[in-house]
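Q: Provided below are the primary sequence and the corresponding predicted coordinates.
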Amino acid sequence: MHFPLELESISNEWEDLDQEYDTLDDIIESDQCSIEAASDLISEEEEGDLA
């Protein structure tokens, strides 16, 4: 028994995965920017406390 390959279906699944990974990359990048901004703010506050 032979089953036909549905190449278009497989290709669409890979495209969906690529889009999900792109979205995750955007979220991670946004989180990293937020963490850096918060870290900078804390550092500035600590420097202000020392002055």
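A: Received it, and whenever you're ready, just let me know what you need.

Q: CA atoms for contacts and neighbours, from now on please.
A: Will do.

Q: any idea of the mean pLDDT in the helix or strand encompassing residue 34?
A: Using DSSP states H and E, residue 34 sits in helix 7-50. In this model, helix 7-50 carries a mean pLDDT of 83.

Q: counting by contacts, list what it packs against.
A: If contacts are counted by 3 or more CA pairs under 8 Å, 6 or more residues apart in numbering; DSSP states H and E, helix 7-50 sits against no helix or strand.

Q: please state the offset of it from the chain centre?
A: Distance of helix 7-50 from the chain centroid (CA atoms, centre = their mean, to the nearest Å) equals 4 Å.

Q: got a list of what residue 13 touches?
A: Not one residue lies near residue 13 by CA atoms under 8 Å, 6 or more residues apart in numbering.

Q: how far away is the spatially most central residue of the chain from residue 43?
A: The centroid of the chain falls nearest to residue 25 when counting by CA atoms, centre = their mean (2.2 Å). Plainly put, residue 25 is 27 Å away from residue 43 if you go by CA to CA, to the nearest Å.

Q: show me what contacts the residue nearest to the centre of the chain?
A: Shown in contact with residue 25 (CA under 8 Å, 6+ apart): no residues.

Q: kindly report the same for the one 4 residues further on.
A: With contacts defined as CA under 8 Å, 6+ apart, residue 29 is in contact with no residue.
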